[in-house]
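Participant: below are the sequence and a predicted model; questions follow.
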Amino acid sequence: MTELAKKTENRGPIESAGGRQQTLGEFMGSWWDRIRAGDLGSLPIIIGLIVIVAIFGYLSDGIFFKPRNFVNLLLQMSGITAIATGVVFVLLIAEIDLSTAFVGAVGSVTMTLLLREGDANWPWWAAVGAAMLVTTLIGLLHGLIITRAGVPSFVVTLAGLLAWSGVVLILTTQYSQAGTIVIQNPVVKGVANSFLPAFWGWFVCVAVVLGYAATEFYQRAVKARQNLAVKPIQISLLQIIGLALITGAAVWYANTDRGVPVSIMIALVFLFFWLFIATRTRFGRYVYAVGGNPEAARRAGINVNSIRIACFMISSFMAGIGGIILASRLGSVSTNTGGGNLLLNSIAAAVIGGTSLFGGSGRVTSALLGALVIASVENGMGLMGWNSGVKFVVNGLVLLAAVLVDAYSRRSRASSGIA
Amino acid sequence: MDNQPVLELKGVSKNFGAVQALYNVDFTCRSGEVMALVGDNGAGKSTLIKGIAGIYKLDAGEVFFEGKKVNITSPRDTADLGIEVVYQDLALADNLDVVANMFLGREKMTAGILLNESEMEQEALKTLDSLSVTTIRSVRQAVAGLSGGQRQAIAVAKAVMWNSKLVILDEPTAALGVAQTRQVLDLVRRLADRGLAVVIISHNLHDIFEVADRITCLRLGQKVAEFIPSETTQQEVVHAITAGELDTVPGMVG
Ligand SMILES: Nc1ncnc2c1ncn2[C@@H]1O[C@H](COP(=O)(O)OP(=O)(O)OP(=O)(O)O)[C@@H](O)[C@H]1O
Ligand SMILES: [Mg+2]
């Protein structure tokens, strides 16, 4: 034993990656290693997006690229972005929420009924608040049933899908013969029908880029001070410039038409809030841990069930936000609010954006990328005037492609010795 | 080396329905010592440490930690006492990086709500360094990409980072090759040399004779013998494992 102890003494110090900046070559090398190992990140979606945009740009003789259509696209994707943001959280813990579309509808119907002039006539903020409370509580209910009874979320939220669509039907037909209730409140109507003035569009753009750059450089400074590995400065600069170019181009282009829609700003504010929660807080860390290995999370003293319940609440909360945005866009709620392919689109958006159906992997921003893809396809097919049969088929194929990419990258991760 | 055991179990029992997994087992371990726990498959080794860890509730018997009687009912209690367990299946979250895994459940925060990533990274590096874990390229890589030995090293490092007094390892070398087993055994020895109490479960008597200071042998849920490696032979231990004398004939109790 003493021999053993001696043997262990003359070992070198740990070769940590700390204490210096990686070179660009090393960074690119490890990035390429990850791609080859099946960790594709946002690569498939960016390629997919370029293909889709090119196809519809070509088929529509360039109408797809017009500023007017770009702003329409932003309007179209706002609701899906919001709902998909919540879906990301349930997917991260390897669960599913099939009820989001109708939960959102329950929210928007609740809000609309409370706003009715000559009836409840609540102020807009109270009606919106009540709607959000209702949807969040629905998420709590789902979460409690799933964790307490140990029933798969698939089944519970499928039951939710049916039941909440029934509630929408009951409420809308109760208060209107035709089953359609118009939203009269100007604030709520304005959500999806107003636009940032050009100046404020630019203001937001500059603020976002500066904010990102400041955080990036602050973190670099902290890491450097503590002697930890820092990524190459070129990569940081490239990311900041890339962000500036993309947001700048988007704002500029939107401003040549009506401007940046308020609805997409609302969706983005929530998206960045949840991105922050997922990446910078303890709760976010636990969400990923529960998705990656629930047993490890449990042994680490994490209350796995409350994390799961919270994720279902986030999903329903964001469904409520999405439901209100969508209702505002239509200016009314009706018997088929929440129907159609909204549910599938919002789940597809999260998956297409790169959130794995198998749990534990994906980013909140995938909701944005995925919603952009889905809305582009919807928008393009609308421009082409394709009938709904064709639309359904195409939607199905897009979703299938996303799931296949997910399964492929998971499998190659496994076979390359990872996982 | 002080004589008072860090952990002492007196007459603990555990049933799973009709299965008597543990019966009237006494068990002790001391600071600076590696205590090996051996026994055939199903002898009750994992059950014993899960009882210590608060994963299972023991049906009977007493647990003393540093001389004081304690009542462990959850994994949190164990951690609060300074007992860390590295399970057979490691329980690492593959999708998280090395740092996140090492701090899982005990993250360092700034301003109350923000994860303090750089401080955690630094401490993780320091701990790995102090254990001479040299093969991990970056602590920011996902655990999924690590080899069995590296994962084991992470799990052990995670266990010793918290000023723990007792570290329990369930079959830490079962899935490892020769070189990686070597690394883990070195690591185990280093823990004890630092003054920790270490409990190691293994089926490999060769490894145990190399690293352990004492050996407790379980058979069919009962403690049948305790050995000091320098005063016994592998044959004797094997005999105890397979044919050690039982107090009670299983099936006649409970
Ligand atoms: N959760 C459980 N439910 C029912 N029986 C169990 C449970 N856990 C263990 N047992 C039983 O208790 C006995 C002891 O099991 P234990 O896992 O402690 O054995 P072990 O010594 O760790 O074996 P191995 O060397 O195979 O890991 C076995 O008969 C096993 O079948
Ligand atoms: Mg075992």
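Facilitator: It's in. Bear in mind the structure is a predicted one, so any value in this text is a computation, not a measurement. Numbers count the residues shown, from 1 in each chain, chains lettered A, B, ... in the order given. Ligands and ions are numbered 1, 2, ... in the order given.
Participant: whether the strand or helix carrying B:Val167 contacts chain A - can you check?
Facilitator: Per DSSP states H and E: B:Val167 is located in strand B:166-170. No: Strand B:166-170 is not in contact with chain A by Cβ under 8 Å from any Cβ of the partner chain; minimum separation 12.2 Å. Every C-beta, even on glycine, is put in place using the N, C-alpha and C of the backbone.
Participant: I would like the residues contacting that strand, please.
Facilitator: With Cβ atoms under 8 Å, 6 or more residues apart in numbering or on different chains as the test, strand B:166-170 has contacts from B:6-7, B:29, B:45-46, B:49, B:52-53, B:82-88, B:156, B:159-160, B:188, B:191, B:196-201.
Participant: run me through the strand neighbours of that strand, direction for each.
Facilitator: Taking DSSP bridges as the criterion, strand B:166-170 forms sheet pairs with strand B:83-86 (parallel), strand B:197-201 (parallel).
Participant: now do whichever helix or strand comes after that strand: distance to the chain's middle.
Facilitator: The C-terminal neighbour of strand B:166-170 among helices and strands, as given by DSSP H and E, is helix B:178-193. Centroid separation for helix B:178-193 versus its chain: 13 Å, with Cα atoms, centre = their mean, to the nearest Å.
Participant: so which elements touch helix B:178-193?
Facilitator: When contacts are defined as 3 or more Cβ pairs under 8 Å, 6 or more residues apart in numbering or on different chains; DSSP states H and E, helix B:178-193 packs onto helix A:2-9, strand B:34-39, helix B:148-160, strand B:197-201, helix B:205-211.
Participant: which residues touch A:Gly370?
Facilitator: Counting by Cβ under 8 Å, 6+ apart, A:Gly370 has contacts A:45, A:84, A:348-355, A:402.
Participant: as a whole number, average confidence for stretch A:24-37?
Facilitator: The pLDDT scores in stretch A:24-37 average 75.
Participant: using PDB, list the CA coordinates for that stretch.
Facilitator: Only the C-alpha atoms of stretch A:24-37 are listed here, as PDB (Å, rounded to 0.1, in the frame of the first residue of the first chain):
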ATOM      1  CA  LEU A  24      -9.000  29.300 -33.800                       C
ATOM      2  CA  GLY A  25      -7.800  26.000 -35.200                       C
ATOM      3  CA  GLU A  26      -8.500  24.100 -32.000                       C
ATOM      4  CA  PHE A  27     -11.900  25.600 -31.700                       C
ATOM      5  CA  MET A  28     -12.800  24.700 -35.300                       C
ATOM      6  CA  GLY A  29     -11.300  21.300 -34.800                       C
ATOM      7  CA  SER A  30     -13.500  20.500 -31.800                       C
ATOM      8  CA  TRP A  31     -16.500  22.000 -33.600                       C
ATOM      9  CA  TRP A  32     -15.900  19.700 -36.500                       C
ATOM     10  CA  ASP A  33     -15.400  16.700 -34.100                       C
ATOM     11  CA  ARG A  34     -18.800  17.500 -32.600                       C
ATOM     12  CA  ILE A  35     -20.500  17.700 -36.000                       C
ATOM     13  CA  ARG A  36     -19.000  14.400 -37.000                       C
ATOM     14  CA  ALA A  37     -20.100  12.800 -33.800                       C
END
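Participant: just the strands paired with strand B:166-170: most buried one?
Facilitator: Comparing the strands paired with strand B:166-170 by mean neighbour count (mean count of other Cβ atoms under 10 Å in any protein chain shown), strand B:197-201 ranks first with a mean of 27.
Participant: with that, I have no additional questions.
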